[in-house]
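A.B. asks: Any chance you can model this:
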Amino acid sequence: MKMLTPNMEIPGPFTASHSFLEERVEIIRAMAEEKKVCLADAYAAWKNYEAAGYPLARFWQMESITLP
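C.D. replies: Numbering: from 1, shown residues only. You can find the predicted model right below:
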């Protein structure tokens, strides 16, 4: 079994107003640790790219982007 954290959440028509992304990420990480299964932490990777200045929110738009 493999588990995957979600990446960043961009506000949109399917954004869950009653659920927080960080909560879901922490639950998935805890489950992976408890079950001793492989975890692909896309959320951590996304946060690293965001911290490096990449315009990640624009990936959800239908326009071309220039990466730093």
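
A.B. asks: How many residues are close by the nearest residue to Y43 once chain neighbours are set aside?
C.D. replies: Nearest residue to Y43, sequence neighbours excluded (Cβ to Cβ, 6 or more residues apart in numbering): T5, at 4.1 Å. C-beta here means a position set from N, CA and C on the backbone, and glycine is covered the same way. Neighbour count of T5, defined by other Cβ atoms under 10 Å: 20.

A.B. asks: for Y43, same thing?
C.D. replies: Y43 has 21 nearby residues by other Cβ under 10 Å.

A.B. asks: next one: A32
C.D. replies: Using other Cβ under 10 Å: A32 sits among 19 other residues.

A.B. asks: Tell me the confidence at it?
C.D. replies: Per-residue confidence (pLDDT) for A32: 96.

A.B. asks: for E9, same thing?
C.D. replies: 64.

A.B. asks: And the one 3 residues further on, by the same measure?
C.D. replies: We note a pLDDT of 58 for G12 in this prediction.

A.B. asks: dump the residue contacts of the residue nearest to Y43.
C.D. replies: Listed by Cβ atoms under 8 Å, 6 or more residues apart in numbering, the contact set of T5 reads 24-25, 28-29, 39-44.

A.B. asks: measure it to Y54 for me?
C.D. replies: The gap separating T5 from Y54 is 18 Å, by Cβ to Cβ, to the nearest Å.
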